[in-house]
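Peer 1: Sharing a model prediction with you, sequence too.
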Amino acid sequence: MAQIIFIAGIIVVALVLIQGLLFVMTGLARSQRENERNSLSLQLLDEQIAAVREEKAKKESEVAGWNGWRKFEVAKRQLEPGDICSFYLVPHDHKPIPGFNPGQYLTFNLNIPGDSKPTVRCYSLSDGPRDDYYRVSIKRVPPPRDKPDVPPGKGSNFFHDHIQEGEIIDVKAPGGHFFLDINTDHPIVLIGGGIGITPVLSMLNALVYNPESGNYDKPLTREVYFVLGVRSSKDHPMKEHVEMLDKMHDRLHVHVCYSRPGDDDKEGVDYQHAGRVNLDLFKKILPSNNFQYYMCGPPPFMEAIVPALEEWGVPEKHIHYEAFGPATVKKVKKEAPKEEGAPAADGFEVEFAKSGKKCKWTPDDGPLLDFAEENDIAIDFGCRAGGCGTCIVAIKSGDVHYETPPTSEPEDGSCLACIAEPKSNLSLDA
């Protein structure tokens, strides 16, 4: 009897163990199936995401790849202090518009009454990428103070006086090599002088614009210093907008300098610093010089700041800039080693065949467009950045090189005068 009970006990234990083993195996099988399902779901999700991204990239590529001129309608124009007007542009064909790198510009083909051919001009985008409009903010350019008989800026005055809401204008796709890398979290300093606010404001807006909310409430992932230099509140564009962003974002630090504050301008309210933007200001407001610097402004502004930052020990690769006007920052920057065949210190002879002039060019003279203007030789231009192609000129003999690559290479035997420098003695059809 005891033996029977013992055997029965063994059988019961075995059954329990088998049941437990079956339970464990069932659980493992269920877990494996669950893992397989999860893996398949994740794989499917990855495939769906990849397909969406591929489709989005395809659409953006199709739109961004438009060649030549595309017609845009002026949906809105808005006056700003400092004799600036913002133009909101929407595609006349109602098709999507591509994004762009904040800091880039648009190129316009302007049919100005009385002119025998169109005038090409480029203006920086002043807002971050949006899917419904582009915005440019254009300052009216008067005659030079010391040369009142010189005509005012042709393109800017045409926009101010003739381009109204509802007008249709021809526009090239966004371009330019000066833009912010939004894919890093390195702290940055955005610096604008006067109308030079436009590309750096585009950069700031791109960092904080939230397409889901339609507002500028996207948290900053890096420290951003926004430095602006203007004369007074009468010349202070987008003042309320930047002040709003400053209140919304703890990691944004706004510093506005008024060089000639008005009687009603209050320090600490309308502006933070009396005087000009300079190296002493950067040493005062920045914890170190370890930032990426993006700046834009008139030539004197740039020619003062860029070498000052280099003297402070900021690596040249951390200084990104775009200068307005014919002067070039390269004239005051330290010369980097030239490529093989680039100009020697004593320069080259440049012949302007149509004008009948031969002039000695040296590296301090900068691009051929600047050199031509200094010698009273007219060459058409638009962007001054190698993007629009307006300044293309035939090379009769000799060769050139580019300090910065053009957006698209000109045809053989020609060069873009705005960014080209002689590589040998040169004869141009100009």
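Peer 2: That came through, no problem. For clarity, every value in this text was computed on a predicted model and none was experimentally measured. Numbers count the residues shown, from 1 in each chain.
Peer 1: contacts, neighbours, all on C-alpha from now
Peer 2: OK.
Peer 1: How much space separates the most centrally placed residue in the chain from residue 205?
Peer 2: The residue lying closest to the centre of the chain (C-alpha atoms, centre = their mean) is residue 103, at 1.5 Å. When C-alpha to C-alpha, to the nearest Å is applied, the distance between residue 103 and residue 205 equals 11 Å.
Peer 1: before we move on, back to that, mind listing what the residue nearest to the centre of the chain touches?
Peer 2: Applying C-alpha atoms under 8 Å, 6 or more residues apart in numbering, we find residue 103 in contact with 124, 125, 126, 176, 178, 179, 180, 198, 199, 200, 202, 203.
Peer 1: Out of those, which one has the lowest pLDDT?
Peer 2: In this model, the minimum pLDDT among these belongs to residue 176 (87).
Peer 1: So that one sits against residue 100, correct?
Peer 2: No: here residue 176 lies out of contact with residue 100, judged by C-alpha atoms under 8 Å, at a distance of 9.8 Å.
Peer 1: Neighbour count for the two, which is higher?
Peer 2: Here residue 176 and residue 100 are set side by side on neighbour count (other C-alpha atoms under 10 Å), and the busier one is residue 176, at 22 against 19.
Peer 1: Tell me who's in contact with the more buried one.
Peer 2: Shown here is residue 176, whose contacts under the criterion C-alpha under 8 Å, 6+ apart are 103, 104, 105, 385, 386, 387, 407.
Peer 1: From residue 116, how far out is the nearest residue to the last one once chain neighbours are set aside?
Peer 2: In other words, residue 407. If the residues on either side of it in the chain are set aside, residue 407 comes closest to residue 387, at 5.0 Å by C-alpha to C-alpha, 6 or more residues apart in numbering. Applying C-alpha to C-alpha, one obtains 23 Å for the distance of residue 387 from residue 116.
Peer 1: Could you do residue 128 as well?
Peer 2: When distance is defined by C-alpha to C-alpha, residue 128 is 35 Å away from residue 116.
Peer 1: Then residue 419?
Peer 2: Residue 419 sits 26 Å away from residue 116, taking C-alpha to C-alpha as the criterion.
Peer 1: Comparing those two, which residue is more hemmed in?
Peer 2: Taking residue 419 and residue 116 together and counting by other C-alpha under 10 Å, residue 419 has the greater number of neighbours (23 against 8).
Peer 1: about what we covered before: quick one: which of the contacts of residue 176 is the most crowded by neighbours?
Peer 2: With neighbours defined as other C-alpha under 10 Å, the most crowded of the contacts of residue 176 is residue 103; it has 31 neighbours.
Peer 1: Quick check: pLDDT value at residue 248.
Peer 2: At residue 248 the predicted local distance difference test score is 97.
Peer 1: Would you check that it makes contact with residue 217?
Peer 2: Yes: using C-alpha under 8 Å, residue 248 makes contact with residue 217 at a distance of 7.1 Å.
Peer 1: Would you tell me what the next helix or strand after whichever strand or helix holds residue 359 is?
Peer 2: In the assignment (DSSP states H and E), residue 359 maps to strand 357-361. As assigned by DSSP H and E, the chain's next helix or strand after strand 357-361 is helix 368-374.
Peer 1: Could you pull out the buried residues of that following helix?
Peer 2: Under the neighbour-count criterion of 16 or more other C-alpha atoms under 10 Å, helix 368-374 has 368, 369, 370, 371, 372 buried.
Peer 1: Can you list the residue ranges for helices in the stretch 1-150 of the chain?
Peer 2: Per DSSP state H, counting those that start in this stretch, the stretch 1-150 of the chain has helices spanning 2-64. These are given in chain order.
Peer 1: contacts for the biggest strand by length in the chain?
Peer 2: Under DSSP state E, the strand in the chain containing the largest number of residues is strand 70-80. In this structure, residues lying in contact with strand 70-80 by C-alpha under 8 Å, 6+ apart are 85-93, 163-173, 237-238.
Peer 1: Mind checking which of these land in strands?
Peer 2: Secondary structure from DSSP E places 85-91, 168-173 of these in strands.
Peer 1: quick one: which of these is most hemmed in?
Peer 2: Neighbours were tallied for each of the ones in strands among the contacts of strand 70-80 (criterion: other C-alpha under 10 Å), and the maximum of 26 neighbours falls on residue 87.
Peer 1: Nearest spatial neighbour of that residue, chain-adjacent residues omitted?
Peer 2: residue 77 (4.6 Å).
Peer 1: Give me the pLDDT value at the one you found.
Peer 2: Among the per-residue scores, residue 77 shows a pLDDT of 97.
Peer 1: neighbours around it, how many?
Peer 2: Residue 77 sits with 19 neighbouring residues when counted by other C-alpha under 10 Å.
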